[in-house]
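Colleague: what would the 3D arrangement of this be:
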Amino acid sequence: MSPDQKGGAMFREAVGGSGEGPGAGATADRPGALSRRLLTWADPLPGLIRRHRLFSIALGLAVLPRAITMLGYQPAVLFKLDTFDYLWGATHLAPDPVNPSGYSLFLRLLLPSHSLALVAGLQHLMGLGLGVMVYAVLRRWRVREWVAVLAALPVLFGAAELLLEQLIMADFLALMLMMAGLAVLLLRGQPSPWRSATAGLLMGASVIVRPTTLPVIALMALYLLVRRAGWRQVCAVLGAGALPVLGYMAWFASATGAFNLTNSNGLFLWSRTMSFANCAVIKPPADLRALCPTGQPRFLDQADPAKRPEPKFYLWDHSSWLWQGKPQTVGLVPDTAAFTTASNARAERFAVMAITAQPLAYARVVASEVIQPFVTNAVFDFPIRQPHSSSLTPPDNLTYALAAVRDYQGSTEGIGKDLSHHLGTRLVEPYAGMIRMYQRLISVPGAIFGLLLAAGFVGVLLPGRRNWPAALLWVSAVVAVVFPVAEHEYTYRYVIPAIPLVCMTVALCFGVPQRKPAVSAGILSASLPDGEHTGAGAADGEPRVAGIAPAEDASRADPVS
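Modeller: Got it, this is the predicted structure:
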């Protein structure tokens with residue numbers, strides 16, 4: 001074996017075997033297999049880099065904008081009151097009534113460092129790992145190297161991705177766990193029950209960070225069904241996916257009495273219905289009439305939904321029905337008193353009635369916001385001016401923010417003056433200026449994003465392809481775009497997780513080399529993902545192929561060549 005081949009042994013093992021023949025996956029049963037496997041850990045890294053030279057260059061270059069980001073926005077970027085909720089939850093461990101506390105549990109693990117810069121740095125390292133996942137999955141499915149690298153570029157270099165990693169917010173961790181779950185499921189063709197359980201567990205963990213990933217657990221189970229993976233795998237992914245969710249709900253119930261992830265899902269959905277609800281059509285009972293749009297101070301024109309305020313204004317306006325008789329703060333924590341079990345259930349009742357009575361109106365407002373990231377160049381930018389704590393009003397909010405930072409970091413030194421009502425951070429020049437210029441140049445335009453989504457849809461439906469992995473990724477991307485809008489409102493930050501999924505879909509559909517005419521049947525299993533072998537055991541009804549091209553072409557059929 002040449003040094004380059006030895007250098008690629010670890011990577012080939014990680015993405016599904018060495019590709020050296022039908023028996024390659026059975027090496028663990030041969031004498032001496034364990035010692036040979038252990039020796040792969042001593043293989044030289046330079047060989048692995050040379051084998052995947054193009055991706056290695058991209059991965060190395062992607063370190064630079066991340067380093068500049070960390071130098072320019074210190075110690076991290078803090079987002080509205082959400083960041084301080086997560087920091088507070090990490091130091092005063094209790095389930096949050098508004099957002100699940102999965103990210104607070106992650107911050108709790110890093111609490112001994114008392115460093116927000118360490119949190120941001122770890123998220124940037126995970127961002128590089130995300131790029132590796134995209135590349136590894138695509139190469140495992142025989143996507144051409146340059147196409148796989150191209151699909152990973154938005155993750156490695158996108159300015160919005162860099163900001164997501166620099167934020168002390170739950171979004172990036174949820175994306176990372178979701179992608180890890182999908183990667184574990186897709187790195188080999190037919191997963192074992194244990195690998196299915198691992199994929200489900202990762203996806204379930206992402207749900208307690210951001211619940212919008214919950215439908216993907218069901219999609220993973222459906223994927224296993226159509227791939228005829230077996231009922232043990234289906235049950236494993238569903239059971240393991242439910243485990244962290246049910247565990248968190250039990251914790252939430254012990255603290256609040258409600259077996260739920262939050263006390264906000266009904267209230268968020270109620271705020272969504274304020275975009276279209278007409279109580280003359282809904283005819284709510286007397287105990288729900290106070291929830292009608294005309295009863296809210298933000299209501300402007302019931303007949304014209306386009307003139308109504310955004311849903312968030314109904315939700316956070318302290319003169320709305322849900323805040324009446326409620327204090328602004330609970331202890332030091334603002335904007336949580338209204339999120340009670342009773343208010344949440346009441347809001348959910350109204351929302352279900354509104355959607356049932358006006359399904360077309362609901363569909364229209366959701367559709368009008370779902371298309372926004374495709375028809376506009378959405379804005380999710382690094383701050384361009386130095387924020388100051390004087391803009392974080394009212395005073396109770398500033399007191400709470402300072403307390404949350406102090407409890408997590410041990411002090412507010414270096415950040416206490418740099419908070420604001422939107423983004424808080426300390427800008428350090430010239431690095432911050434470099435990133436601001438970078439974000440004007442490196443982005444995914446809305447039109448390109450829309451074309452990629454359309455191309456993925458066409459690719460999944462092309463006759464004869466049966467591209468189930470691509471279908472799983474494409475539908476997961478649609479869930480990432482639609483679900484937050486259907487539940488509350490459109491924000492581009494929620495769309496970012498869909499970008500790598502769409503890029504992977506297009507790469508899987510159009511970046512796979514054509515199989516050569518059959519010559520011999522002996523090395524087919526070296527070219528196909530597990531579970532896609534020929535003969536009676538061929539998976540999910542795909543066209544059966546007797547073999548591949550002559551032996552000299554086998555290296556190009558290797559998923560990681």
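Colleague: what residue lies at the spatial centre of this protein?
Modeller: Leu175 (2.2 Å; Cα atoms, centre = their mean).
Colleague: separation between it and Pro500?
Modeller: Distance of Leu175 to Pro500, computed by Cβ to Cβ, to the nearest Å: 8 Å. Glycine gets a C-beta too; all of them are placed from N, C-alpha and C.
Colleague: which element, helix or strand, includes Ser254?
Modeller: According to DSSP states H and E, Ser254 maps onto helix 231-256.
Colleague: and that helix, what does it pack onto?
Modeller: Applying 3 or more Cβ pairs under 8 Å, 6 or more residues apart in numbering; DSSP states H and E, we find helix 231-256 packed against helix 193-207, helix 214-226.
Colleague: which residue packs closest to Gly416, ignoring adjacent ones?
Modeller: In space, and not counting its chain neighbours, Gly416 is closest to Leu402: 5.9 Å by Cβ to Cβ, 6 or more residues apart in numbering.
Colleague: and that neighbour, how many neighbours does it have?
Modeller: 18 (other Cβ atoms under 10 Å).
Colleague: now His388
Modeller: 12.
Colleague: hey, which helix or strand in the protein has the poorest pLDDT?
Modeller: Lowest by mean pLDDT, DSSP states H and E among the helices and strands of the chain is helix 554-557, with a mean of 31.
Colleague: quick one on the thing from earlier: so what sits against both of Leu175 and Pro500?
Modeller: Taking Cβ atoms under 8 Å, 6 or more residues apart in numbering as the contact rule, Leu175 and Pro500 both touch Leu130.
Colleague: confirm Arg188 sits in a helix?
Modeller: No - going by DSSP: H, G, I helix; E, B strand; the rest coil, the assignment for Arg188 is coil, not a helix.
Colleague: could you report the pLDDT at it?
Modeller: As predicted, Arg188 sits at a pLDDT of 75.
Colleague: again, but for Pro513
Modeller: Value for Pro513, per-residue pLDDT: 74.
Colleague: ok, now the one 5 residues further on?
Modeller: Note for Ala518: predicted pLDDT of 40.
Colleague: state the distance from Trp321 to Tyr248.
Modeller: Taking Cβ to Cβ, one finds Trp321 at 29 Å from Tyr248.
Colleague: what about stretch 280-295, distance to the chain center?
Modeller: Here stretch 280-295 is found 36 Å from its chain centre; the criterion is Cα atoms, centre = their mean, to the nearest Å.
Colleague: buried set for it?
Modeller: 282, 284, 288, 291-293 (16 or more other Cβ atoms under 10 Å).
Colleague: just stretch 55-65 next, same as before
Modeller: 55-56, 58-59, 62, 65.
Colleague: how about CSV for those, with pLDDT added?
Modeller: Below are the buried residues of stretch 55-65 laid out as CSV (pLDDT from 0 to 100):
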residue, pLDDT
Phe55, 95
Ser56, 94
Ala58, 96
Leu59, 96
Ala62, 97
Pro65, 97
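Colleague: now do the end-to-end distance for stretch 325-332.
Modeller: Using Cα to Cα, to the nearest Å, the end-to-end distance of stretch 325-332 comes to 18 Å.
Colleague: pLDDT on that stretch, on average?
Modeller: 86.
Colleague: show me which residues of that stretch are buried.
Modeller: Neighbour counts over stretch 325-332 (16+ other Cβ under 10 Å) mark 329, 332 as buried.
Colleague: contact partners of that stretch?
Modeller: By Cβ under 8 Å, 6+ apart, stretch 325-332 touches 88, 318, 334-338, 394, 396, 399-400, 403.
Colleague: just stretch 119-131 next, same as before
Modeller: With Cβ under 8 Å, 6+ apart as the test, stretch 119-131 has contacts from 58-59, 62-63, 66, 69-70, 75-77, 107, 110, 152, 155-156, 161-162, 165-166, 168, 172-173, 175-176, 179, 500.
Colleague: that concludes my questions; thank you for your assistance.
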